[in-house]
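A.B. asks: Output the structure for:
(one chain, ligands or ions: 1)
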Amino acid sequence: MVDFDYARPRTLAEALALLAANPEARALAGGQTLIPTLKQRLARPALLVDLQAIAELRGIEVGDGFVSVGAMTRHAETASHAGLSAAIPALAFLAGGIAHPQVRHVGTMGGSISNNDPAADYPGALLGLGAQVQTTSRSIAADDFFTGLFSTALEPGELVVRVRFPRPVRAGYCKIANPASGYVTTGCFIADFGGGRVRVAVNGAGPCVFRLPALEAALGADFSPAALAGFRQDPKGLNADLHASAAYRAQLVAVAVRRALSMALSASPLLESSPA
Ligand SMILES: Cc1cc2nc3c(=O)[nH]c(=O)nc-3n(C[C@H](O)[C@H](O)[C@H](O)COP(=O)(O)OP(=O)(O)OC[C@H]3O[C@@H](n4cnc5c(N)ncnc54)[C@H](O)[C@@H]3O)c2cc1C
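C.D. replies: Residues are numbered from 1 along each chain as shown. A predicted model of the protein is given here:
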């Protein structure tokens, strides 16, 4: 690791001032991505601004028709919060499937979505639920937040404060994990808001999470497995690596869609572990 300075501000205003005064500064959340990146010398910040002590960035609020999660809320808290689990079980289920307990007890929602790893879980939930990302300067719709491979709409020095999820009537998430790393090879989040309003987001398969508008319309007309008849994912533009070709990922999208719908239609979440 290269040398860097370290600061632990207690307020958002202090953190913003530090970031604004140091163009080479980086925010530090759980450090589950940033610290390994520093160790590999892929990032060389002059200053790390640790967000751990900022109370404004923590906590889960469950209100009428929405759930709001602070950026520094850890995956384990999202997975085990009783109110959130009752309001949006698929979101708690997703958080509980991220990595392993050690990572879940330090990794944060804000860090995960700001990093926008194509193989991350939360982007599927944010796009699938049509969440709003509240930053230190504005509110950004999930549709506009994730802009590409490891990139987001965040400006330098802008921090995620909270994520506000509208509460669906029902929702399901299927993660087909890479058996070696546990990261998403292909995932799908489906949310039904009633009145024919359905959102379908696919994560892991492409460079950035994306929606399936034709399937959303079909499920909006008939929220049942029959609406999936004839669905086929075009492999063009999907990720291809040593773990899965684009053609295989396209097949997995259809599997993930079917399983996510099955979970949404059932009372209790299904645990998925293999792409059978
Ligand atoms: C072994 C292992 C397995 C994993 N498996 C999975 C998995 O299965 N699924 C999955 O989704 N993830 C997985 N992860 C990633 C994990 O979910 C982390 O939460 C994620 O890497 C980043 O979160 P963090 O809080 O650690 O952020 P950090 O590493 O601290 O920060 C990541 C980036 O976000 C920026 N940042 C942090 N907070 C904010 C903020 N509030 N506003 C703006 N920018 C911010 C930082 O400056 C940095 O650039 C895994 C990680 C490990 C180490």
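A.B. asks: secondary structure class for Ile140?
C.D. replies: strand (DSSP: H, G, I helix; E, B strand; the rest coil).
A.B. asks: The closest residue to the ligand within the chain: which element?
C.D. replies: Among all residues of the chain, Gly111 sits closest to the ligand, at 2.1 Å; criterion: Cβ to the nearest ligand atom. To be clear about C-beta, it is placed using only N, CA and C from the backbone, and glycine gets the same treatment. Element membership for Gly111, per DSSP states H and E: helix 109-115.
A.B. asks: List, one by one, the residues from this protein near the ligand.
C.D. replies: 26-34, 51, 71, 98-99, 103, 107-108, 110-112, 114-115, 120-122, 154, 159-160, 182-183 (Cβ under 6 Å from any ligand atom).
A.B. asks: Tell me which entries of those lie within strands.
C.D. replies: Taking DSSP state E, the ones among the residues of the chain next to the ligand that sit in strands are Arg26, Ala27, Leu28, Val160.
A.B. asks: secondary structure element for the residue lying closest to the second one once chain neighbours are set aside?
C.D. replies: Okay, so that is Ala27. Using Cβ to Cβ, 6 or more residues apart in numbering and skipping the chain neighbours, the partner closest in space to Ala27 is Val49 (5.2 Å). Assigned by DSSP H and E, Val49 falls within strand 47-50.
A.B. asks: Can you report how many residues neighbour Val101?
C.D. replies: No Val there; residue 101 is Pro. Using other Cβ atoms under 10 Å, Pro101 is surrounded by 10 other residues.
A.B. asks: Arg199 too?
C.D. replies: Arg199 has 25 neighbouring residues, counting by other Cβ under 10 Å.
A.B. asks: mind checking pLDDT for it?
C.D. replies: With respect to pLDDT, Arg199 has a value of 98.
A.B. asks: buried subset of the residues of the chain next to the ligand?
C.D. replies: Neighbour counting with 16 or more other Cβ atoms under 10 Å marks 26-34, 51, 71, 98-99, 107-108, 110-112, 114-115, 120-122, 154, 159-160, 183 as buried within the residues of the chain next to the ligand.
A.B. asks: Could you list the alpha-carbon positions for the lowest-mean-pLDDT helix or strand in the chain in CSV?
C.D. replies: Among the helices and strands of the chain, helix 34-39 carries the lowest confidence by mean pLDDT, DSSP states H and E, at a mean of 95. The C-alpha trace of helix 34-39 is given here as CSV (Å, rounded to 0.1, in the frame of the first residue of the first chain):
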residue,chain,number,x,y,z
LEU,A,34,-11.4,0.0,-1.6
ILE,A,35,-8.8,-1.6,0.7
PRO,A,36,-8.0,-4.4,-1.7
THR,A,37,-7.7,-1.8,-4.5
LEU,A,38,-5.2,0.1,-2.4
LYS,A,39,-3.3,-3.0,-1.6
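A.B. asks: what's next to that helix, contact-wise?
C.D. replies: By Cβ atoms under 8 Å, 6 or more residues apart in numbering, the residues outside helix 34-39 that reach it are Met1, Val2, Phe4, Arg26, Leu28, Ala43, Arg44, Pro45, Leu48, Gly111.
A.B. asks: Let me have the residues you listed in CSV, adding pLDDT as columns.
C.D. replies: Output for those, formatted as CSV (pLDDT from 0 to 100):
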residue, pLDDT
Met1, 65
Val2, 77
Phe4, 94
Arg26, 97
Leu28, 98
Ala43, 90
Arg44, 91
Pro45, 95
Leu48, 97
Gly111, 98
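A.B. asks: Mark which of these are buried, thanks.
C.D. replies: Of the contacts of helix 34-39, these count as buried by 16+ other Cβ under 10 Å: Phe4, Arg26, Leu28, Ala43, Pro45, Leu48, Gly111.
A.B. asks: Look at Leu19 and report its pLDDT.
C.D. replies: At Leu19, pLDDT is 97.
A.B. asks: got the contact list for whichever helix or strand it is part of?
C.D. replies: Using DSSP H and E, the element containing Leu19 is helix 12-21. The contact list for helix 12-21 (Cβ under 8 Å, 6+ apart) reads 7, 9, 25, 27, 47, 49, 51, 54, 56-57, 136, 156-157, 159, 161.
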